[in-house]
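Asks: predicted model and sequence follow; I will ask about them next.
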Amino acid sequence: MVDFDLDEEQAQVRRLARDFCDAEVAPHARVLDRAESFPDALLPKLFEIGFLGAAIPERYGGMGLDYLSYGLITEELGRADAAIRSLVSVNVGLVALTILRWGTEEQKHAWLPRLVAEGLGAFGLTEPNAGSDPSALTTGASRDGDDWILNGSKMWITNGARGIVTIVFARVQDAAGSGITAFLVPQDTPGYEAVSLKGKLGLRAGDTAEVVLRDVRVPDAYRLGEIGQGLKIALNALDSGRYSLAAGCTGISQACLDAALRYADERTQFGQKIAGFQLVQALLSEIFLDLEASRALYWKVAWKHMKGERHTVESSVAKTFCSEAAVRNANRAVQVHGGYGYSDEYPVGRYLRDARVTTLYEGTSQIQRLLLGRHLTGENAFT
C-alpha cells in the first residue's frame, strides 16, 4: 500500500483506527450481520475513542483531526464492518459537519458535543417518493407563532431510530419566505416516530429507519440555515457524505484483497496453492488496481478540502468509482473463494452485500454520471 506523504499524526491515526477495528469491530461483524443486530456494545467504545467526533474541532469536544485523517478512520471502519462505517460517517459527515458549517453558535454548542460523545445524528432527506430527486420532497413545515409544525415521512434514514437528532428537510410556505428548509429535530420530540427496517441485503448491523412526522413542533431556533436554503445545505452535506462513503468503500476493497490473498495462499488444488494460478493472480491484480485507484481518488478530495477548495466534482468521481470498485472487488473475492465464497463461513459474501447499496445511496451511480455530464458539457440532463 502506497502511503504517499502521510505525516506522522495521520499515520498514527491510521494505526490507531486499524488496531481498534481489528480488536473491537471486525471480530463481531459476522454475528451482528447474521442477527441484524444494532451494535449497542460497540457504540460506547466508538464514542470513547473519539471516532464519532473525528473531524469536529476540539472546542466542541471533537478530535480536531484533518479531513484526510477522518477519511483514514472511515476506510478502516469500512474494512472491518461497513455497517459500522455507515453509522459513523452519517453522524460525522452528514450531520455534525453540516451543523458545524451552517449552524448558529448556539446550535453548535447545543448539538456537537452531544454528537461527539453521547448520541448519533441522522440525515432526513430521502422520502418514499423523493430519492434521486430531493427537490420533489413533500414533507411540510408550517409556521405557528415562534414554532414550526412538521408533517411528512422520510425513508432509508440511517440512525433515524437510534439517534438523538435528525436534520429534517421540509418544504416551507411562509410569508417570510418559501422553499426547502432544514430543521434540527430531536428524536424524542412528540410526533417523531421511527421504525427500524429489517430484511436489508447488506449493512444489516446498522439502523436504517422509516420516519414519520406527525405535528412535530420545533422552535424557530431549531431551524438550520435560512428559509429556502435547505437544498443547498443538503447538497453541500452530500459532498462530505460522498467523501466518507468513498473512503469506506476503499476499506471494503482492502478487505476483499486481504481475504482473497489469505484464501489463495491457503487453498490448494491440483497439488498447488491456487495463488500460483494465472487466472487467480489476474483476479487479485484487478482487486489491487481498483483499490489503489480508489484510495488515490478519495485522498484527492481530502487534499482539496484541506486547501479550502470546493470538491463537489471530485467527491462525485470518488463516490462513483469507489462504490462500483467495491462491488467489482467483492465479486472477484467471491470468485477466488469459489463455492466457499457463497456462504458466510468466509466474509466475502458480506462484503458483496454491503458494497452493493453504496452504488444506490447518496446519489446513485446513474445520478452521479448525470452530475458529471452536466459539469463536462454545461447541459442539464435532469430537465
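Replies: It's in. Treat the numbers as computed from the prediction; the structure is a model and nothing was measured.

Asks: which residues of the stretch 151-300 of the chain fall in strands?
Replies: 165-174, 177-186, 192-196, 208-219, 223-224, 268-269, 272-273 (DSSP state E, counting those that start in this stretch).

Asks: looking at those strands, spot the one closest to residue 36.
Replies: Smallest distance to residue 36 across the strands of the stretch 151-300 of the chain (CB to CB): 9.0 Å, for strand 192-196. C-beta here means a position set from N, CA and C on the backbone, and glycine is covered the same way.

Asks: thinking again about what came up before, with mean pLDDT added, can I get the strands of the stretch 151-300 of the chain in TSV?
Replies: Formatted as TSV, these follow (pLDDT from 0 to 100):
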stretch	mean pLDDT
strand 165-174	94
strand 177-186	94
strand 192-196	98
strand 208-219	98
strand 223-224	98
strand 268-269	96
strand 272-273	98
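
Asks: and the gap between residue 344 and residue 359?
Replies: Going from residue 344 to residue 359 by CB to CB, to the nearest Å gives 22 Å.

Asks: pull the contacting residues for the closest residue to residue 120 other than its chain neighbours.
Replies: With CB to CB, 6 or more residues apart in numbering as the criterion, residue 120 has its nearest non-adjacent residue at 3.8 Å, and that residue is residue 163. Contact partners of residue 163, counting by CB atoms under 8 Å, 6 or more residues apart in numbering, are 91, 119-122, 187, 207.

Asks: for the residues you listed, pick the one with the most neighbours.
Replies: When neighbours are counted by other CB atoms under 10 Å, residue 122 leads the contacts of residue 163 with 30 neighbours.

Asks: what helix or strand is that one on?
Replies: Using DSSP states H and E, residue 122 sits within strand 121-124.

Asks: what's in contact with that strand?
Replies: Here strand 121-124 makes contact (CB under 8 Å, 6+ apart) with 90-91, 94-96, 98-99, 111, 115, 154, 157-160, 163-169, 185, 187, 209, 211, 237, 241.

Asks: cool, stretch 139-146 as well?
Replies: If you take CB under 8 Å, 6+ apart as the criterion, stretch 139-146 is touched by 127, 148-154, 168-176, 181, 183, 213, 217, 219-220.

Asks: which among those end up buried?
Replies: Taking 16 or more other CB atoms under 10 Å as the criterion, what is buried in the contacts of stretch 139-146 is 127, 148-154, 168-172, 181, 183, 213.

Asks: list just the nearest of those to residue 366.
Replies: Checking these against residue 366 by CB to CB gives residue 127 as the nearest, at 18.9 Å.

Asks: most widely separated two among the contacts of residue 163?
Replies: By the measure CB to CB, 91 and 187 form the most distant pair in the contacts of residue 163, at 13.0 Å.

Asks: which residues of the stretch 51-200 of the chain fall in helices?
Replies: 67-80, 82-89, 97-102, 105-117 (DSSP state H, counting those that start in this stretch).

Asks: out of those, which comes closest to residue 225?
Replies: That would be helix 97-102 among the helices of the stretch 51-200 of the chain, by CB to CB, at 4.7 Å.

Asks: which parts of that closest one are buried?
Replies: Result for helix 97-102 [16+ other CB under 10 Å]: buried residues 97-100, 102.

Asks: for it, packing partners?
Replies: With contacts defined as 3 or more CB pairs under 8 Å, 6 or more residues apart in numbering; DSSP states H and E, helix 97-102 has these neighbours: helix 105-117, strand 223-224, helix 230-266.

Asks: alpha carbons of it, as CSV, please.
Replies: Listed in CSV are the C-alpha atoms of helix 97-102, where the atom choice follows Å, rounded to 0.1, in the frame of the first residue of the first chain:
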residue,chain,number,x,y,z
LEU,A,97,-20.1,18.7,9.8
THR,A,98,-23.4,20.2,8.4
ILE,A,99,-24.2,21.7,11.8
LEU,A,100,-20.6,23.0,12.0
ARG,A,101,-20.9,24.8,8.7
TRP,A,102,-24.5,26.0,8.8
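
Asks: now do it: everything it contacts.
Replies: 55-57, 60, 107-108, 111-112, 115, 121, 123, 167, 182, 184, 224-225, 229, 233, 236-237, 240.
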